[in-house]
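Enquirer: coords below, sequence missing:
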């Protein structure tokens, strides 16, 4: 992932100021200029930024944010300001941690089943009021509504999973002691305290509250720094979670420039959760290491998709569109390298290019567009630079390859490049935009080797009609998740299993047992009974050593572990 740009009940009617509760009708499609992607037009009466982010809504959502200065965020669709926001100073961050620490002590005493019930109520509120947050996600990120809905799905799944499974993950566990029957051992899970979370702009719902839910249910408080440009989405999530029963001070939000606020969060936290670039992740890890606190990092990726010779070409082409261009490619686990077996490459390219050129681009707060905008000028510059440099050095544009200012200031067409090779930047650097490089291969060993020839290891994808073969190839890929006949959603959405990166793609995992236990400290309570771990009952040192030697041999013979 690239660097961050800065590094009460609410009804739908209140948020939308009387707008219809249902989502607007799908947008019509208008021809684009030249032969570029078509434009999905907004239906009459579709909500606008002014309808959604009214001053009173922004004031309500930002209530409780510790900030003594002022800043603002903007929508990528037009560049216009969305809301004035409180901006936090280093002193404000310290205050937020003080409040969170006091609240955490009380929250940790709440039985885990009651904490888990908060997540289940939050799950229901999110699904019931999803139209509200879908509007905010679209306005703050510029993504298409269907891609925004992926965040709803991910958060709901995580809330349900930890709401149901947290008591089992966190319950005391009995272990065999050093001397069976005489040593009674229990493993407890204690909350770390106050978790510092630094969240990115690309998935402002899922990568804020989605990552915080297991921390909360484990008994922690959280001080979160969302990206300034997407802070309203995180604050909406906070409002719903508080209504679901989370004490208000348990979740503190601080807003401000990454280089100013981020280090302060790391400075005070008992554990740090970071999602962002590999470069910044190294700095976060160094800051946490200096204080001897734990850290989890989901960082960059240069994810590969392998289309094997026996793949269903039509399904693979449709999967490639989802994998490469969801959220305009601004997804940590999206596909940027596409390897296709030479025997089916021509057919695949034809289908993939046709589907890509037919994608509808749009800005409406409604379903109908296939792709939205990039989030900021820095992303547009990076995408343009990678594509233009590749073309100048001999790569061919099969689809896209140009910005679309006629739609919005930060739109760029979904782009397929052929003939990419080193030293083109797009060959090895993370683009984090709607750009994919296409390569052909002769055999699976070659494809696996080329897919693994990167310092990153976040996500990959394998397409084949033979499931056993696909899983065998998947096991050879050096990535934290591998999807067979899917691009990313199957692995990410399966929340009982861990998700995270290898190599330069990060440390630690979200989801599953690892996703909640990382927010705890393991504590062993060993109760010694009847006799001490030393000479007793008249034994001298030599007799005690002989007794323990016989005991150790017996325990091995009885296959004790």
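Expert: It's in. As the structure is a computational prediction, the values presented were derived from the model and not from experiment.

Enquirer: From residue 276, how far off is the spatially most central residue of the chain?
Expert: Centre of the chain computed as the mean C-alpha position; nearest residue by CA atoms, centre = their mean is residue 207, 4.4 Å away. Note on residue 207: its distance to residue 276, by CB to CB, to the nearest Å, is 10 Å. Placement of C-beta: from N, CA and C, glycine included.

Enquirer: residues shared between the contacts of these two?
Expert: Here residue 207 and residue 276 share the contacting residues residue 200, scored by CB atoms under 8 Å, 6 or more residues apart in numbering.

Enquirer: so how many other residues sit close to residue 75?
Expert: A total of 25 residues lie near residue 75 under the criterion other CB atoms under 10 Å.

Enquirer: ok, residue 374 - contacts?
Expert: Contact partners of residue 374, counting by CB under 8 Å, 6+ apart, are 76, 142, 328, 330, 380, 383, 410, 411, 412, 433, 434.

Enquirer: How many neighbouring residues does the fifth one have?
Expert: When you say that, I think you mean residue 380. Using other CB under 10 Å, residue 380 has 20 other residues around it.

Enquirer: so it sits right up against residue 410, yeah?
Expert: Yes - using CB atoms under 8 Å, residue 380 is in contact with residue 410, at 5.2 Å.

Enquirer: Name the helix or strand for residue 46, please.
Expert: In the assignment (DSSP states H and E), residue 46 maps to no helix and no strand.

Enquirer: likewise the one 5 residues further on?
Expert: Following DSSP H and E, the helix or strand that holds residue 51 is helix 49-52.

Enquirer: Off-centre distance for that helix?
Expert: For helix 49-52, the distance from its own C-alpha centre to the chain's C-alpha centre is 27 Å (CA atoms, centre = their mean, to the nearest Å).

Enquirer: how about that helix: buried residues?
Expert: Of the residues in helix 49-52, those with enough neighbours to count as buried (16 or more other CB atoms under 10 Å) are 49, 52.

Enquirer: mean confidence score for the helix or strand that it is followed by?
Expert: For helix 49-52, the succeeding helix or strand toward the C-terminus, using DSSP H and E, is helix 55-62. For helix 55-62, mean pLDDT is 96.

Enquirer: Can you tell me which of the contacts of residue 374 is nearest residue 536?
Expert: Checking these against residue 536 with CB to CB, the nearest one is residue 330 at 66.0 Å.

Enquirer: Mind pulling the model confidence for the residue nearest to the closest one when sequence neighbours are not counted?
Expert: The spatially closest residue to residue 330, leaving aside those adjacent along the chain, is residue 202, at 4.5 Å (CB to CB, 6 or more residues apart in numbering). Listed pLDDT for residue 202 reads 96.

Enquirer: for the protein, where's the lowest mean pLDDT among helices and strands?
Expert: Least confident helix or strand of the chain, by mean pLDDT, DSSP states H and E, is helix 12-16 with a mean of 29.

Enquirer: Settle this for me: the residue nearest to the centre of the chain is touching residue 197, isn't it.
Expert: No - between residue 207 and residue 197 there is no contact under CB under 8 Å: 9.2 Å.

Enquirer: And for residue 555, the neighbour number?
Expert: For residue 555, the tally of surrounding residues (other CB under 10 Å) stands at 15.

Enquirer: Report the spatially nearest residue to it, omitting neighbours in sequence.
Expert: Leaving aside its sequence neighbours, residue 555 sits nearest to residue 180 (CB to CB, 6+ apart; 7.3 Å).

Enquirer: okay, now that neighbour: neighbour count?
Expert: Around residue 180 sit 12 other residues, with neighbours defined as other CB under 10 Å.

Enquirer: Confirm for me that it is in contact with residue 560.
Expert: Yes - between residue 180 and residue 560 there is a contact at 6.4 Å, judged by CB under 8 Å.

Enquirer: which stretches of the stretch 251-400 of the chain form strands?
Expert: Using DSSP state E, counting those that start in this stretch, the strands assigned to the stretch 251-400 of the chain run over residues 251-253, 271-275, 294-298, 303-307, 335-341, 396-399.

Enquirer: can you list contacts of the shortest one?
Expert: Right, strand 251-253. By CB under 8 Å, 6+ apart, the list of residues contacting strand 251-253 from outside reads 64-66, 96-97, 99-100, 212, 216, 221-226, 231, 234-235, 238, 241-242.

Enquirer: Could you list every helix and strand that the helix or strand that contains residue 197 packs against?
Expert: Element membership for residue 197 (DSSP H and E) is strand 194-198. Using 3 or more CB pairs under 8 Å, 6 or more residues apart in numbering; DSSP states H and E as the contact criterion, the elements in contact with strand 194-198 are helix 90-108, helix 211-217, strand 221-225, helix 258-268, strand 271-275.

Enquirer: TSV please, covering the ones you listed and showing distance to residue 281 and mean neighbour count.
Expert: Written out in TSV, the entries for the helices and strands packed on strand 194-198 read as follows (distance: least, CB to CB, whole Å; neighbours: other CB atoms under 10 Å):
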stretch	distance to residue 281	mean neighbour count
helix 90-108	20	19
helix 211-217	14	28
strand 221-225	14	29
helix 258-268	11	20
strand 271-275	6	26
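
Enquirer: Could you tell me how far the closest residue to residue 469 other than its chain neighbours is located from residue 524?
Expert: Computed as CB to CB, 6+ apart, the closest residue to residue 469 that is not its neighbour in sequence is residue 308, at 7.2 Å. Between residue 308 and residue 524 the distance, using CB to CB, works out to 48 Å.

Enquirer: Can you pick out the residue with more neighbours from the two?
Expert: Each of residue 308 and residue 524 has its neighbours counted (other CB under 10 Å); residue 308 has more, 23 against 10.

Enquirer: Am I right that that one is in contact with residue 462?
Expert: Yes - applying CB under 8 Å as the test, residue 308 and residue 462 come out as touching, 6.9 Å apart.

Enquirer: Quickly list what's touching both of those two.
Expert: Listed as contacting both residue 308 and residue 462 by CB under 8 Å, 6+ apart are 470, 473.

Enquirer: Can you give me the distance of residue 414 to residue 432?
Expert: On the measure of CB to CB, residue 414 and residue 432 end up 14 Å apart.

Enquirer: Quick check: neighbours shared by these two?
Expert: Here residue 414 and residue 432 have residue 329 as joint contacts, going by CB under 8 Å, 6+ apart.

Enquirer: rewinding a little: contacting residues for the residue nearest to residue 469?
Expert: Residue 308 makes contact with 341, 444, 447, 462, 463, 464, 469, 470, 473 under the criterion CB under 8 Å, 6+ apart.

Enquirer: which among the residues you listed end up buried?
Expert: The buried subset of those (16+ other CB under 10 Å) comprises 341, 444, 447, 462, 463, 464, 470, 473.

Enquirer: Confirm for me that the second one is in contact with residue 472.
Expert: No - the pair formed by residue 444 and residue 472 falls short of the contact definition of CB under 8 Å, at 9.0 Å.

Enquirer: still on that earlier bit, and the contacts of residue 308, which of them are in strands?
Expert: Using DSSP state E, the subset of the contacts of residue 308 located in strands is 341, 462, 463.

Enquirer: Residue 317: which of those residues is nearest?
Expert: Comparing every one of the ones in strands among the contacts of residue 308 with residue 317 (CB to CB), the shortest separation belongs to residue 463, at 9.6 Å.

Enquirer: wait, the closest one sits on residue 323?
Expert: No - here residue 463 does not reach residue 323: they are 9.9 Å apart, not a contact under CB under 8 Å.

Enquirer: Now for residue 462: which residues touch it?
Expert: Contact partners of residue 462, counting by CB under 8 Å, 6+ apart, are 305, 306, 308, 470, 473, 474, 477, 482, 483, 484, 485.
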